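Asker: next come a sequence and a model predicted from it.
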Amino acid sequence: MSTQELLDVVMPLTTAAETAAALAARLSLNADGAPPEPAVAAALARTASLAAPAADLDDLDASSRDVVVGTVTSFLKQALELIENPSRAGGWVYTDPVVLQSQGRSSVRVADLFAAVAPSLTGLGEALAEPGARILDVGSGVAALTIACCRTFPAASVVGLEPWEPAMALARTNVAVAGLEDRITLRTQWVEHLVDEAAFDLAWLPSLFIAPASLDAAVTRVARSLRPGGWLILGRYAAPTDPLADALAELRTVRGGGTLLTDEQAIERLELAGLVDVHAVDSDGPLPVRFVVGRRCA
């Protein structure tokens with residue numbers, strides 16, 4: 001393949017990346033209170049109108065803006081690190097607060113997905129509405145999803161496990177700013193060292209951040225931590241209808257040190273841990289996340 005032929009492939013992809021950046025920048029405009037430079041603001045507005053002609057970006061609420069901007073920022077920052085250091089082993093190595101906070105903001109919508117699937121999971125909706133409900137957030141990062149779970153399920157308290165100290169330092173600040181110290185417990189802990197038993201109504205286990213060597217122990221420990229009737233939700237990156245998006249999800253998973261799983265492999269692991277009613281759940285929405293769920297026997 002010649003240089004020109006390769007550029008013919010690459011340039012439309014860089015246009016897509018720049019477009020995502022421009023949309024995120026348009027959403028971020030004025031967020032810091034600084035007046036925008038008129039020419040740049042006009043160019044961003046034109047780009048946004050061409051990229052998303054039916055969208056009224058000014059009508060988005062702050063939470064939705066944060067999710068979109070966080071997703072774009074996190075993906076692009078990690079993509080740049082991939083270019084700069086393509087040979088490193090997989091693992092979550094990021095210390096840049098922008099990457100960490102952006103990754104957290106991109107996860108906030110997962111709490112909405114929990115709320116959407118809870119009514120279809122026997123007893124979960126009712127359990128999460130009861131005083132004393134408890135949620136386990138494995139790999140809680142900067143605690144953005146942990147905080148979102150508190151807001152989505154007002155009766156619940158949340159335990160967040162995060163062994164990466166750069167993320168945990170930000171998480172402590174984020175929880176304090178949110179005023180949720182009385183409902184959130186943060187632990188600098190690997191999930192395979194979890195010793196809680198019969199403690200949680202819902203546990204979130206994102207396999208995309210759990211190393212293959214640790215996943216079986218993680219599933220077993222988290223399954224034991226569930227109260228009778230409690231549910232484990234295992235999440236993985238997935239884009240089954242688009243081969244390129246699926247390949248990128250695979251790259252994102254191995255780059256982050258996570259475990260690649262099919263639905264069938266995830267179901268097998270949850271069943272081996274003794275969970276019942278194990279099945280895959282289609283998660284509505286634009287996030288490339290798929291759930292496999294299982295319940296501890298009542």
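Answerer: Perfect, I can see it now.

Asker: now do the contacts for I210.
Answerer: Going by Cβ atoms under 8 Å, 6 or more residues apart in numbering, I210 touches 138-139, 191, 218, 258-259. Quick note: C-beta positions are derived from backbone N, CA and C, even for glycine.

Asker: just those residues now: which is nearest V117?
Answerer: Nearest to V117 among the contacts of I210 is V138, at 17.4 Å by Cβ to Cβ.

Asker: okay, and A79 sits in which element?
Answerer: helix 62-84 (DSSP states H and E).

Asker: please apply the same query to T220.
Answerer: For T220, the element it lies in under DSSP H and E is helix 212-225.

Asker: next SSE downstream of that helix?
Answerer: strand 226-237.

Asker: just to revisit the earlier point, now the helix holding A79: mean pLDDT?
Answerer: For helix 62-84, mean pLDDT rounds to 90.

Asker: try stretch 184-200
Answerer: Here the average pLDDT along stretch 184-200 is 96.

Asker: quick check: buried residues in that stretch?
Answerer: Residues 184, 186-187, 189-192, 194, 196, 199-200 are the ones in stretch 184-200 that count as buried (16 or more other Cβ atoms under 10 Å).

Asker: residue contacts, the residue nearest the centre of the chain?
Answerer: Taking Cα atoms, centre = their mean, the centroid of the chain lies closest to S107, which sits 3.4 Å from it. Taking Cβ under 8 Å, 6+ apart, we find S107 in contact with 141, 144-145, 148.

Asker: do that again at 6 Å, thanks
Answerer: 144-145 (Cβ atoms under 6 Å, 6 or more residues apart in numbering).

Asker: show me where this structure has its helices.
Answerer: Ranges of helices in the chain, per DSSP state H, are 3-28, 38-51, 62-84, 97-107, 109-117, 124-129, 144-152, 165-178, 212-225, 243-255, 263-272.

Asker: so which of the ones you listed is the most packed in?
Answerer: helix 144-152 (a mean of 24; mean count of other Cβ atoms under 10 Å).

Asker: so which elements touch that one?
Answerer: helix 97-107, helix 109-117, strand 133-138, strand 156-161 (3 or more Cβ pairs under 6 Å, 6 or more residues apart in numbering; DSSP states H and E).

Asker: also compute the angle for the first one relative to helix 165-178, please.
Answerer: Which is helix 97-107. 60 degrees (axes from the mean of the first three to the mean of the last three Cα atoms, to 10 degrees).

Asker: how about low-confidence regions in the stretch 151-298 of the chain?
Answerer: 239-240, 283-287 (pLDDT under 70).

Asker: K77 touches Q101, doesn't it?
Answerer: No. The criterion here is Cβ atoms under 6 Å, and K77 misses it with Q101 at 10.6 Å.

Asker: ok so, going back, now distance to R227 too, for the contacts of I210, in JSON lines please.
Answerer: Shown next, in JSON lines, are these (distance: Cβ to Cβ, whole Å):
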{"residue": "V138", "distance to R227": "16"}
{"residue": "G139", "distance to R227": "21"}
{"residue": "V191", "distance to R227": "18"}
{"residue": "A218", "distance to R227": "18"}
{"residue": "G258", "distance to R227": "27"}
{"residue": "T259", "distance to R227": "26"}
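
Asker: ok, those residues vs A20, which is closest?
Answerer: Once Cβ to Cβ is applied, the member of the contacts of I210 that ends up nearest A20 is G258, at 22.6 Å.

Asker: quick one on the thing from earlier: make TSV out of the helices of the chain and add distance to V289.
Answerer: Formatted as TSV, these follow (distance: least, Cβ to Cβ, whole Å):
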stretch	distance to V289
helix 3-28	18
helix 38-51	23
helix 62-84	11
helix 97-107	9
helix 109-117	7
helix 124-129	18
helix 144-152	12
helix 165-178	19
helix 212-225	17
helix 243-255	10
helix 263-272	13
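
Asker: to G91, which of those lies closest?
Answerer: helix 243-255 (8.5 Å).

Asker: right, I'll leave it there.
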